[in-house]
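Enquirer: Below is the sequence, then the predicted model.
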Amino acid sequence: MSISIRLATISDLHAMQNANLSCLPENYQMKYYFYHLLTWPQLSFIAIDQNNNLVGYVLAKMEEDANPNDQHGHITSLAVLRSHRKLGIATKLMKQAERAMAVNFEALYVSLHVRVTNRAALTLYKDTLNFEKSAVEKKYYADGEDAFGMKKMLKSRNEYISDESL
């Protein structure tokens with residue numbers, strides 16, 4: 001199975017929203033996807049199969065209220081279709097977004113929120129991607145569930161540029 005990762009474009013937004021609807025309980029209006037892609041076109045990526053079908057995405061942004069000395073990115077949403085899980089796609093999407101944040105915006109770190117009950121995501125973020133829990137956000141989600149705030153320090157812009165492994 002051949003999977004490619006590339007930058008998301010406006011023409012990918014409907015497929016991204018459909019993946020979100022089928023994979024996640026938190027759903028967004030189309031204007032939110034447009035806002036991310038128009039404001040930070042370098043930060044969101046999709047995974048496509050050999051037939052050019054979207055099988056996963058990461059929707060990312062820079063934190064707008066950040067202190068200039070505390071530039072950091074945020075993962076808004078990450079989804080991989082059930083049929084394509086456990087293939088390393090989420091890891092590849094996340095690494096691309098992390099690299100883009102550091103290279104394009106000199107982000108110092110990346111943050112995200114994850115449901116406290118989402119063991120699979122917690123394992124991915126903590127064990128595979130080396131995120132650390134930074135806070136518990138009480139009743140963060142619309143259904144009242146708490147979220148873990150998580151954070152990962154990024155390499156410097158130059159380290160990512162010289163790293164050919166990505």
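Expert: Sure, I can see it.

Enquirer: From now on I want contacts and neighbour counts done on CA atoms only, so please keep to that.
Expert: Fine.

Enquirer: helices and strands around the longest helix along the chain, which ones?
Expert: Criterion DSSP state H: the longest helix present in the chain is helix 89-105. Packing contacts for helix 89-105, counted by 3 or more CA pairs under 8 Å, 6 or more residues apart in numbering; DSSP states H and E, involve strand 45-48, strand 54-62, strand 72-80, helix 157-162.

Enquirer: Residues contacting the following helix or strand past it, please?
Expert: Proceeding N to C from helix 89-105, the next assigned helix or strand is strand 109-115, under DSSP states H and E. The contact list for strand 109-115 (CA atoms under 8 Å, 6 or more residues apart in numbering) reads 71-76, 98, 121-122, 141, 145-154.

Enquirer: 6 Å instead, please
Expert: 72-75, 147-154 (CA atoms under 6 Å, 6 or more residues apart in numbering).

Enquirer: just the buried members of those residues?
Expert: Using 16 or more other CA atoms under 10 Å as the burial test, these include 72-75, 147-152, 154 as buried.
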